[in-house]
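# Quick one: sequence and predicted model below, then my questions.
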Amino acid sequence: MDSGPQARVAAALAAADIPAQIVTFDVATRTAAEAAAAIGCDVAQIAKSVILRAKESGRHVLVIASGVNRVCEKTAAQYVGERIGRADADFVRVRTGFVIGGVAPVAHMHAPITLIDEDLLQFSEIWAAAGTPHSVFKLTPAQLLTLTGGQPGKIKEHSE
């Protein structure tokens, strides 16, 4: 295990008494589809971390979404209570300490506002990035809620 981001994730999991084993792959797990293919699970079981930027406060908003869903920024903004927008790679790295494609749901450099896609709650196990674009860990939706203190909600984009 490396001494940087992945070690921070492992330490956060250990501190929360979550016996998650970090798995590192030779292939990239940067996207939900890549992660699901490497793991051998359904894309919907991937808990992808999407980072948005709160426009007034400058805080980062962590939206943990099912791998098959797109995040509705307008809905996320309603949960947060301020306008939000996309975050660039530098903002993501500074606020989270992770690179895009490896953003874990825990161990951020600065505490995020966290929203959790309620679609993840239907699974017995889900998989999240473990700090690098090549590493993941398995957990339950209940563990994700406890670990992040995130607010579950309907944050997916609807095509109506």
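Cool, got the structure.
# neighbours around the closest residue to Ser135 other than its chain neighbours, how many?
Closest residue to Ser135 apart from its sequence neighbours, by Cβ to Cβ, 6 or more residues apart in numbering: Thr24 at 4.6 Å. (Glycine included, C-beta is placed from N, CA and C.) Residues contacting Thr24 under the criterion other Cβ atoms under 10 Å number 13.
# What separation is there between Thr24 and Ala7?
Distance, Thr24 to Ala7, using Cβ to Cβ, to the nearest Å: 12 Å.
# tell me the contacts of Ile51?
By Cβ atoms under 8 Å, 6 or more residues apart in numbering, the contact set of Ile51 is His60, Val61, Leu62, Val63, Ala87, Phe91, Val92, Arg95, Thr96, Ile100, Val103, Pro112.
# go with 10 Å
For Ile51, the contacting residues are 60-63, 86-89, 91-93, 95-96, 98, 100, 103, 108, 112, by Cβ atoms under 10 Å, 6 or more residues apart in numbering.
# Show me what the most centrally placed residue in the chain is bridged to.
Nearest to the mean C-alpha position of the chain, by Cα atoms, centre = their mean, lies Ser49 at 2.6 Å. Beta-bridge partners of Ser49, counted by DSSP bridges, are Ile64.
# so it touches Val103, yeah?
Yes. Here Ser49 reaches Val103: they are 4.0 Å apart, a contact under Cβ atoms under 10 Å.
# For the biggest helix by length in the chain, buried residues please.
If you go by DSSP state H, the chain has its longest helix at helix 5-15. The neighbour-count check on helix 5-15 (16 or more other Cβ atoms under 10 Å) flags Pro5, Gln6, Arg8, Val9, Ala10, Ala12, Leu13 as buried.
# what does stretch 98-112 give?
Phe98, Val99, Ile100, Gly101, Gly102, Val103, Ala104, Pro105, Val106, Ala107, His108, Pro112.
# mean confidence for that stretch?
Stretch 98-112 carries an average pLDDT of 96.
# show me where pLDDT drops low in this protein?
Counting by pLDDT under 70, the ranges of the chain that qualify are 1-3, 159-160.
# Recalculate using a threshold of 50.
Residues of the chain that meet the criterion pLDDT under 50 lie in 1-2, 160.
# quick one, helices of it?
Shown for the chain, the helices assigned by DSSP H span residues 5-15, 32-39, 73-80, 89-96, 141-148.
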